[in-house]
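K.L.:
Structural data only, the sequence is not supplied:
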């Protein structure tokens, strides 16, 4: 526990130093800001890549072992139904909240932001061709497990792992050596996590310093309405999630939040909920969740339960429509919501996944996809909030399923 507290302190120090150094570069050495940001961000990139390299084996091993150890396929089905019920309900609620807020607050109306003041979004526009219903369905099942692992395709790894775990469970004692081996590998990978987490303060320092060096503090004024309204949406989403969490967990919710302090801060600072997956697994088990429930539910959550990203998708899509003065009747917005519900699943491993989905959805509803350039400069700051919210949502979902399953067993 002392080690965890030290890590938290070092992360805070990294965050403060990053803001200070980034601000110094932006305001005193503006001509060097771009080069500085490019180089200092390598620290954040290094940390995230170190985490990414262990996600695929960790998801595969923990999910397979979790299912195989359950033994009872009725339990697998029961936990799966409970988890998906939470995921779909939370996703729908998040999408609706984003839609309601953007219609009520209208942050895109009467904006002074011009297309000339932002960076081009060609790289995002060019990456939207794969988001069709046909390609989504095909994308669910991997052509090769090794290809899915190489690309960190979490949804594909989850599908293979579920099938493999069920098959292992069905063959009886002959599967025990395989289960023991995978269980050992998962423990070794989790040990690697404890080493990698000490790189987190450097990653936080690099990521924050680079962002502030480029954008400075004026970016908060430039997009005041957008950021303020989105922050309100995130705050309301947290109120809803924590209220539901309190109804289920009671006072233990505060114990859980204490456990989540480091994962939430890392997600906020690095803008990557994926980066804290191993640490989140460890903290949920320390909180008291059944490792079998954690290893089954959490990987599913990373594909199906990205609450912060879901709210952002409707908020950003309709914001762009407002900027262009495009009328979006309620029935069209609800259709957009359903489309986002589908296209958002399984894209967590794609860089700037939320933005790519937003671009794809805008194109489907005749909203200029180039409008994504309006929000690119501040997406880093929005991504901080939505990444942290994704972590909270998955932690609550896993804890809730564990509580429900414990009651079922008892």
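P.N.:
Sure thing, it's come through. If you're wondering where the values come from, they're calculated on a predicted model, not measured in any experiment.
K.L.:
now residue 206, nearest residue through space, not along the chain?
P.N.:
residue 43 (2.7 Å; C-beta to C-beta, 6 or more residues apart in numbering). C-beta coordinates here come from the backbone N, C-alpha and C atoms, glycine included.
K.L.:
The one you found sits in which helix or strand?
P.N.:
For residue 43, the enclosing helix or strand under DSSP states H and E is helix 33-70.
K.L.:
Can you list the buried residues in that helix?
P.N.:
Applying a neighbour-count criterion of 16 or more other C-beta atoms under 10 Å, one finds 33, 36-37, 40-41, 43-44, 47-48, 50-51, 54-70 buried in helix 33-70.
K.L.:
For it, what is the distance to the chain centroid?
P.N.:
The chain centre lies 12 Å from the centre of helix 33-70; the measure is C-alpha atoms, centre = their mean, to the nearest Å.
K.L.:
ok so, going back, quick check, the residue nearest to residue 206 in contact with residue 205.
P.N.:
Yes: look at residue 43 against residue 205 with C-beta atoms under 8 Å: they come within range, at 6.3 Å.
K.L.:
quick one on the thing from earlier: what are the buried residues along the next helix or strand after the helix holding residue 43?
P.N.:
Note on helix 33-70: by DSSP H and E, the next helix or strand toward the C-terminus is helix 73-105. Neighbour counts over helix 73-105 (16+ other C-beta under 10 Å) mark 75-76, 78-80, 82-83, 86-87, 90-91, 93-99, 101-102, 105 as buried.
K.L.:
next one: stretch 234-241
P.N.:
Buried, per 16+ other C-beta under 10 Å, within stretch 234-241: 234, 237, 238, 241.
K.L.:
got it, and stretch 174-188?
P.N.:
179, 182, 183, 185, 186.
K.L.:
Return the residues in contact with the fourth one.
P.N.:
Residue 185 makes contact with 57, 61 under the criterion C-beta atoms under 8 Å, 6 or more residues apart in numbering.
K.L.:
returning to what we had before: among the buried residues of stretch 174-188, which are in helices?
P.N.:
179, 182, 183, 185, 186 (DSSP state H).
K.L.:
From those residues, pick the one nearest residue 266.
P.N.:
residue 186 (20.8 Å; C-beta to C-beta).
K.L.:
Would you check that that closest one makes contact with residue 61?
P.N.:
Yes: using C-beta under 8 Å, residue 186 is in contact with residue 61, at 3.9 Å.
K.L.:
how near is residue 242 to residue 91?
P.N.:
Here residue 242 is placed at a distance of 17 Å from residue 91 (C-beta to C-beta, to the nearest Å).
K.L.:
actually residue 401, not the one I wrote
P.N.:
15 Å.
K.L.:
Ok, residue 98 next?
P.N.:
From residue 98 to residue 91 the distance is 11 Å (C-beta to C-beta).
K.L.:
Sounds good, over and out.
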